[in-house]
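S.K.: What follows is a predicted protein model with its sequence.
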Number of protein chains: 2
Amino acid sequence: MGASANSLINRPILASIHTQAFRHNLNRVRELAPESKIWSVIKARAYGHCFDAALKGLSSTDGFALLDIQDAVWLREHGWEGRVLLLEGLFHENELELAQELSCDLVVHCEAQVEWLEKYIEQGHKPFSIFLKMNTGMNRLGFKPEAYRTAFHRLHAFGCRMHHMTHFANADQADQRPTVGEQQEVFERTIDGLSGPTSLANSAAILWHRNALGGWIRPGIMLYGASPTGIYADIEHAHLKAVMQLQSEIIDIQELKAGDGVGYGGRYQAPEAMRIGIVACGYADGYPRTAKDGTPVWVSIGAEDGNGIVCPIVGRVSMDMLTIDLRNAPQAKIGSVVELWGDRIPVDEVARMSDTIGYELLCAVAPRVPVAIK
Amino acid sequence: MGASANSLINRPILASIHTQAFRHNLNRVRELAPESKIWSVIKARAYGHCFDAALKGLSSTDGFALLDIQDAVWLREHGWEGRVLLLEGLFHENELELAQELSCDLVVHCEAQVEWLEKYIEQGHKPFSIFLKMNTGMNRLGFKPEAYRTAFHRLHAFGCRMHHMTHFANADQADQRPTVGEQQEVFERTIDGLSGPTSLANSAAILWHRNALGGWIRPGIMLYGASPTGIYADIEHAHLKAVMQLQSEIIDIQELKAGDGVGYGGRYQAPEAMRIGIVACGYADGYPRTAKDGTPVWVSIGAEDGNGIVCPIVGRVSMDMLTIDLRNAPQAKIGSVVELWGDRIPVDEVARMSDTIGYELLCAVAPRVPVAIK
């Protein structure tokens, strides 16, 4: 029991993480912003891709940006000697010592964090490298422009190495305010005459607002090969590669008569006699329960890799299974491999059919799904 | 680095699992179905509550039902000696040996599984205890009635201990077909004259169709204190207790002017000058990105536990944060504790405001959220 051979026995679902695609996407970022240094954003277990894979695939980055200080611990324990940025800074004063031990760069976004730092440095500790966050219109974290310069001078006076940072609310859409230009203008005006490098651009700005990059850019979703807008067409010509491929298998087939309902609530009614495939993947694996009928699933139909047919979802996704229309895939059988998303089915397309964005789906891949780093 | 004191330092988000609530809910199931044995359904890491907590809180169950054979391994390694049911049976023939070693009960839902068992027992192995699954109208897993009796006789002839099982498509709604009554009638007619106990009821049937229980019931969602329909009002009088409480803290506060937008896309526009709180919980923690403005969040406003105010979400939930309207909670400050769901905010209410059901939210709580078993 628990022998290593046995531990390979699992439900037939698998998330494969392609580190070569990570490398490719990071190179694309460098091509788009050759003058900037790169914080590769790997919060949320590298958007669901797992830290091991991110560290392997993104090792040529200038730094990793993340949220939980425990993840910074993990990076140091696994040999990462480059820079590490805590994107929301410290949550509590008791993290100061650990952050210093780990040589973290810190975001500072509120008055309390400034006070913790002043007190700590006053006690004789080394000053930190700081990314001071300005709220230029996102209205989430950060100092309002009128409070920003005071915070800057306070930390600067304590010897901190200062950087200026803001975050765009609408770099992924042209018709929303505040626009990138408006936020950028507030930012530039506020830091006028202050020293220190800047950090502005997320993935959307790197792709579409290349006059708003700053010295340090912060690519996230594009490193994973998905779209900042949630719409795949928007990145189709950016030459990014999907890093995650989520696969499973058909575990049963049902022959329906015309009028038969499928699954909970019988949302789909068979219009004629037809075959459906039951796939071992459900919302408890991270596949969205909100996926509509018609959401594409790729079904392998041959021994050769790459030989397959796209079959639409029919009926509501349940906790552990989903059901697909096999009328166009008479070759499909129990054991046929399916791709839920990856190279063939963009995660953004599944997201669009589920009224959300690829980010949410990637992050939501469940711990029960085994991961293979390739 | 990595010292044990340091490992307690985390983002201020926490999922507390109340094992006493597990006990309470299991007792409620016993009261509702005193004649039946209970398979406590703990697939998907016990609907996101973690196996340790489930084993602790549900130890008086008659058996645990789950999906992944590796989870059965975990249960045996942690001392569970009672019955374990693999709810979808074996995914591959190579699981047979491990399943026998673990003394699992197996669901059998398709021809291929019957063949694997015949071959295996023919080789001199012991027969299994089987829950033979009939597709009575759900059209997901199971034998059609016309194929069911043949499968039954084949496995019975090989010495298997046989049980009859089906699953309801609409036990949670009265106006959908097939109805519980229709499925039950197909089931009873098909097993007429065959020996063996039955297993029919999920949580919805246990609550609302008590003539359709069977010898073994399979409560899932009700053990976790959430509603089979996704609507909290439907279980308000069933005296169930929320097992999971998801908490976080306000990590920043912004003062808005009338007309200011909040977060990505500026979905919420401040109607007047107002304070908003930034909460350290986002969709990468498992909180639904689809949550609408108005979704309730409970904010602690006093030293005393239980002293709080419900504040509505304003603006789109982002990956690591959400934003709430603090106009009714002038006492709220950075560090104020919030409950995202639990005793005060039913998970079903958050789900309803996000166009899904509590099941999905509970299962989706992310690995990065620390768990405290209480």
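M.R.: Good, I have the coordinates.
S.K.: What values do phi and psi take at the one residue in the stretch 151-300 of chain A that gets nearest to chain B?
M.R.: In the stretch 151-300 of chain A, the residue that lies nearest chain B is residue A:284 (3.5 Å; C-beta to the nearest C-beta). Heads up, the C-betas are built off the backbone N, CA and C, glycines and all. Note on residue A:284: its backbone torsions stand at phi -80, psi 0 [degrees, to the nearest 10].
S.K.: Residue A:216 now?
M.R.: Dihedral angles (degrees, to the nearest 10) for residue A:216: phi -120, psi 120.
S.K.: In space, what's closest to it - neighbours in sequence excluded?
M.R.: Distances taken as C-beta to C-beta, 6 or more residues apart in numbering or on different chains place residue A:199 nearest to residue A:216, at 3.9 Å, with adjacent residues excluded.
S.K.: thinking again about what came up before, which residue, other than its chain neighbours, is closest to the residue of the stretch 151-300 of chain A closest to chain B?
M.R.: residue B:44 (3.5 Å).
S.K.: who are the neighbours in contact with the one you found?
M.R.: A:284, A:319-320, A:366, A:368, B:67, B:363 (C-beta atoms under 8 Å, 6 or more residues apart in numbering or on different chains).
S.K.: Sort out which of those residues are in helices and list them.
M.R.: Among the contacts of residue B:44, the residues falling in helices (DSSP state H) are residue B:363.
S.K.: Pipe the contacts of residue B:44 into a markdown table and attach distance to residue B:272 per row.
M.R.: Output for the contacts of residue B:44, formatted as a markdown table (distance: C-beta to C-beta, whole Å):
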| residue | distance to residue B:272 |
| --- | --- |
| A:284 | 42 |
| A:319 | 43 |
| A:320 | 47 |
| A:366 | 42 |
| A:368 | 46 |
| B:67 | 51 |
| B:363 | 39 |
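S.K.: circling back to that earlier point, secondary structure element for the residue nearest to residue A:284?
M.R.: Here residue B:44, judged by DSSP states H and E, is contained in helix B:43-48.
S.K.: pLDDT of that helix, averaged?
M.R.: What helix B:43-48 shows for mean pLDDT is 95.
S.K.: So which residues on the stretch 101-250 of chain A come close to chain B?
M.R.: A:101-102, A:109-110, A:112, A:135, A:137-142, A:144, A:169-170, A:172-173, A:176-178, A:249 (C-beta under 8 Å from any C-beta of the partner chain).
S.K.: Go again with 6 Å.
M.R.: Residues of the stretch 101-250 of chain A lying near chain B by C-beta under 6 Å from any C-beta of the partner chain: A:101, A:109-110, A:112, A:139-141, A:169, A:176.
S.K.: got it, and the stretch 251-374 of chain A?
M.R.: Near chain B, when you scan the stretch 251-374 of chain A using C-beta under 6 Å from any C-beta, you find A:252, A:254, A:260, A:262-266, A:278, A:283-284, A:289, A:320, A:334, A:356, A:360, A:363-364, A:367.
S.K.: which SS class is the residue nearest to residue A:340 when sequence neighbours are not counted?
M.R.: In this structure, residue A:340 finds its nearest non-sequential neighbour in residue A:246, 4.3 Å apart by C-beta to C-beta, 6+ apart. At residue A:246, secondary structure determined by DSSP: H, G, I helix; E, B strand; the rest coil is strand.
S.K.: What of the one 3 residues further on?
M.R.: Classification of residue A:249 into helix, strand or coil gives strand, according to three-state DSSP.
S.K.: tally of neighbours for it?
M.R.: 22 (other C-beta atoms under 10 Å in any protein chain shown).
S.K.: go on, residue A:67?
M.R.: 26.
S.K.: shouldn't it be in contact with residue A:42?
M.R.: No - contact criterion C-beta atoms under 6 Å: residue A:67 and residue A:42 do not qualify, at 9.3 Å.
S.K.: Distance-wise, check the residue of the stretch 151-300 of chain A closest to chain B relative to residue B:220.
M.R.: According to C-beta to C-beta, to the nearest Å, residue A:284 and residue B:220 sit 11 Å apart.
S.K.: which SS state does residue A:193 fall under?
M.R.: Relying on three-state DSSP, one would call residue A:193 coil.
S.K.: Which elements pack onto the helix or strand of chain A with the lowest mean pLDDT?
M.R.: Using mean pLDDT, DSSP states H and E, strand A:261-262 stands out as the lowest-scoring helix or strand of chain A, at a mean of 90. With contacts taken as 3 or more C-beta pairs under 6 Å, 6 or more residues apart in numbering or on different chains; DSSP states H and E, strand A:261-262 sits against no other helix or strand.
S.K.: Tell me the strands beside it, with direction?
M.R.: strand A:268-269 (antiparallel) (DSSP bridges).
S.K.: Excluding its own residues, what touches the strand it pairs with? List them.
M.R.: A:261-262, A:293, A:314-315 (C-beta atoms under 6 Å, 6 or more residues apart in numbering or on different chains).
S.K.: repeat that for 10 Å
M.R.: A:256, A:258-262, A:276, A:293, A:312-316, A:323, A:325, B:139, B:177 (C-beta atoms under 10 Å, 6 or more residues apart in numbering or on different chains).
S.K.: which ones among these are found in strands?
M.R.: Using DSSP state E, the subset of those located in strands is A:256, A:261-262, A:276, A:312, A:323, A:325.
S.K.: how about those, which pair is most distant?
M.R.: Maximum pairwise distance among the ones in strands among the contacts of strand A:268-269 (C-beta to C-beta): 16.4 Å, between A:261 and A:312.
S.K.: the more surrounded of the two?
M.R.: Taking other C-beta under 10 Å, residue A:261 and residue A:312 do not tie; residue A:261 has more neighbours (21 against 16).
S.K.: centroid residue for chain A?
M.R.: The centre of chain A sits closest to residue A:47, judged by C-alpha atoms, centre = their mean, with a distance of 3.4 Å.
S.K.: I'd say that residue and residue A:357 touch.
M.R.: No - if you go by C-beta atoms under 10 Å, residue A:47 and residue A:357 don't touch, sitting 11.4 Å apart.
S.K.: okay, and the common contacts of these two?
M.R.: Joint contacts of residue A:47 and residue A:357 (C-beta under 10 Å, 6+ apart) are A:221, A:226, B:319.
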